[in-house]
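A.B. asks: Following is a predicted model, sequence given first.
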Amino acid sequence: MDPGRKAVTRADVARLAGVSPAVVSYVLTGSERPVSAAARARVLAAVDQLGYRPNAAARALSRGRSSLIGLIVPDQRNPFFAGMASLLDHAARAQQLTVLILSAHERRSGVEEIEGLTAQPLEGIISADALTPQELRVTERGRTPLVFVNQFRAQPGHPTLSTDYVAGARLAVEHLITLGHRRIAFIGSASQLDPREAGWRQALVDAGLPGGPVLHSEWSVEDGYRAGQQLAERREEVTAVFAASDQIATGALAGLHSRGVDIPGDISVVGFDGTPDAAYTWPALTSVSQPVEEMTRDAVALLATGDLTPMFRDYPATLLVRDSTAPPR
C-alpha cells in the first residue's frame, strides 16, 4: 500500500458493496446473522477491489480479548530458538494464550509472511528476530503490539528484553583465564558487531592478554565444525576457544575431535546459550546460559497487560561449568 494513501475502512467497503457496515462485519467475522448470497458476494468483491484488510486489533477488541500471540524466530531448527518457543508456549498457556510461530528461514519476502501473521486476531507479536523497516511498517499499519527479545540493542518504540551479552561473554573468558588459559580464540558471526565478540575482547584486554585467533562463521553446527578443524591446525596458537553459540561450539567440538585434538586436554571449549543439548555433547559443554524462561515469561506478561512502554532490559547470564574446560597442560 502507498504509505501516503488513506487506509481503506469498513465503511468504504460497505459503500462500494451497497450494504450497511454491519453487513460487512457479519460477512468478514463469520457471524451467524443472515446475509443474502448476493450481498455476501458484493462485499467480498468490494474487499478484493479496495484491498481492504480487516484490522486484527479491532477484530480482537470486538470479541473481547484475543487468544493468540505471534512468535518470530530466526530459525526454528536451532535448538536455542526451539527451546525458546517451548518456554514461550508454556508462559502463554498460563495466560490462556496460543502461540503462532513464524521462522525467518521460511520467510520469502518477509513482508508477505508478516502481513499474514498480523491478519490474525493477535494479542501481539514477540519477535526474537530483527525486523526490516518494511516489516515494521506492516505491524504499525495493523497497530499490532510488538515486543522484542534476544536483541543486541534497543528497538526504538518497543519494549526490548535481552541477555547482557557482553557480561555473559566476559563470564566465559574470565572462567578460562582463571583456569590459566592465555591464548583464547573466538568463533562467531561476521554479519554484525556481535557483543559477545566485544565481551571476549574486553576480558582479554582487562587481563593484559593479546587477542587470540578470530574465526567468523554462520550460526550452524556445520560452520562450527569447519572452524574447529581450522583451529586444530593452529593448536600451537590456542589453548582455549569461546564460541558465540552452543550450535557453533558443538560443531567445533566435533571438528577438533576429527583432527585428533583432545578436549579439554589440548583445547578447552566454552559455548553460549545454555541449551539443554549442551549437557550431552562429548565432553559435556561448558556454556553461558541465557535466562530465556524469565525473558519469555516477561514478554508474554507485557502483551497480556498491554504495557508496551518503550524500554530496554538486560538480563544477567550465568555460567554452567561442565567437562569441556580444564587448566591447560
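C.D. replies: That came through fine. Residues are numbered from 1 along each chain as shown.
A.B. asks: helices and strands of this protein: which one bottoms out on pLDDT?
C.D. replies: Across the helices and strands of the chain, mean pLDDT, DSSP states H and E gives its lowest value to helix 56-62, namely a mean of 47.
A.B. asks: Which is the succeeding secondary structure element to that one?
C.D. replies: strand 68-73 (DSSP states H and E).
A.B. asks: Strand partners (parallel or antiparallel) of that next one?
C.D. replies: Strand pairing for strand 68-73, using DSSP bridges, gives strand 98-103 (parallel), strand 122-127 (parallel).
A.B. asks: looking at the ones you listed, which is buried most?
C.D. replies: A comparison of those by mean neighbour count, using mean count of other CB atoms under 10 Å, puts strand 122-127 on top with a mean of 26. Every C-beta, even on glycine, is put in place using the N, C-alpha and C of the backbone.
A.B. asks: what mean pLDDT does it have?
C.D. replies: Averaged across strand 122-127, pLDDT comes to 92.
A.B. asks: do the same with stretch 25-37
C.D. replies: 71.
A.B. asks: Kindly report the same for stretch 190-201.
C.D. replies: The model assigns stretch 190-201 a mean pLDDT of 87.
A.B. asks: before we move on, what about stretch 214-229?
C.D. replies: pLDDT averaged over stretch 214-229 gives 94.
A.B. asks: before we move on, what about stretch 157-166?
C.D. replies: Here the average pLDDT along stretch 157-166 is 96.
A.B. asks: Show me the protein divided up by domain.
C.D. replies: 10-54, 66-163+292-316, 165-290 (automatic domain parsing).
A.B. asks: Would you mark the buried spots in stretch 218-226?
C.D. replies: By neighbour count on 16 or more other CB atoms under 10 Å, the buried set for stretch 218-226 is Trp219, Ser220, Val221, Asp223, Gly224, Tyr225, Arg226.
A.B. asks: Show me the one of the domains of the chain that comes nearest Thr325.
C.D. replies: In terms of CB to CB, the element of these nearest to Thr325 is domain 165-290, at 4.1 Å.
A.B. asks: Tell me which of the strands paired with strand 68-73 approaches Ala326 most closely.
C.D. replies: Nearest to Ala326 among the strands paired with strand 68-73 is strand 98-103 (37.2 Å), distances taken as CB to CB.
A.B. asks: who does the following helix or strand past the closest one touch, helix- and strand-wise?
C.D. replies: Moving toward the C-terminus from strand 98-103, the next helix or strand (DSSP H and E) is helix 111-118. Helix 111-118 sits against strand 68-73, strand 98-103, helix 133-141, with contacts defined as 3 or more CB pairs under 8 Å, 6 or more residues apart in numbering; DSSP states H and E.
A.B. asks: mind checking which of the ones you listed is nearest Ala185?
C.D. replies: Of all the helices and strands packed on helix 111-118, strand 68-73 comes closest under CB to CB, at 28.4 Å.
A.B. asks: Let me see the residues that make contact with the closest one.
C.D. replies: Identification of contacts with strand 68-73 by CB atoms under 8 Å, 6 or more residues apart in numbering yields 81, 84-85, 88, 92, 97-104, 114, 117-118, 120-129, 131, 300, 303.
A.B. asks: in the stretch 101-250 of the chain, which spans are helices?
C.D. replies: Using DSSP state H, counting those that start in this stretch, the helices of the stretch 101-250 of the chain run over 111-118, 133-141, 165-179, 195-206, 221-232, 246-258.
A.B. asks: quick one: which of those helices is nearest Leu16?
C.D. replies: Nearest of the helices of the stretch 101-250 of the chain to Leu16, taken as CB to CB: helix 133-141 at 20.9 Å.
A.B. asks: what's the closest one packed up against?
C.D. replies: Where contact means 3+ CB pairs under 8 Å, 6+ apart, helix 133-141 is packed against helix 111-118.
A.B. asks: Now do the same for the helix it packs on: mean pLDDT, whole number.
C.D. replies: In this model, helix 111-118 has a mean pLDDT of 81.
A.B. asks: now it, how far from the chain's geometric center?
C.D. replies: On the basis of CA atoms, centre = their mean, to the nearest Å, helix 111-118 sits 17 Å off its chain's mean C-alpha point.
A.B. asks: which non-adjacent residue is nearest Ala172?
C.D. replies: Val270 (4.4 Å; CB to CB, 6 or more residues apart in numbering).
A.B. asks: Check Gly142 too.
C.D. replies: In space, and not counting its chain neighbours, Gly142 is closest to Thr118: 4.3 Å by CB to CB, 6+ apart.
A.B. asks: next one: Pro316
C.D. replies: Asp164 (5.8 Å).
A.B. asks: Report how many residues lie close to the one you found.
C.D. replies: Using other CB atoms under 10 Å, the number of residues around Asp164 comes to 18.
A.B. asks: Next: Arg33.
C.D. replies: Arg33 has 10 neighbours, counted by other CB under 10 Å.
A.B. asks: Now do the contacts for it.
C.D. replies: Tyr26.
A.B. asks: Sounds good, over and out.
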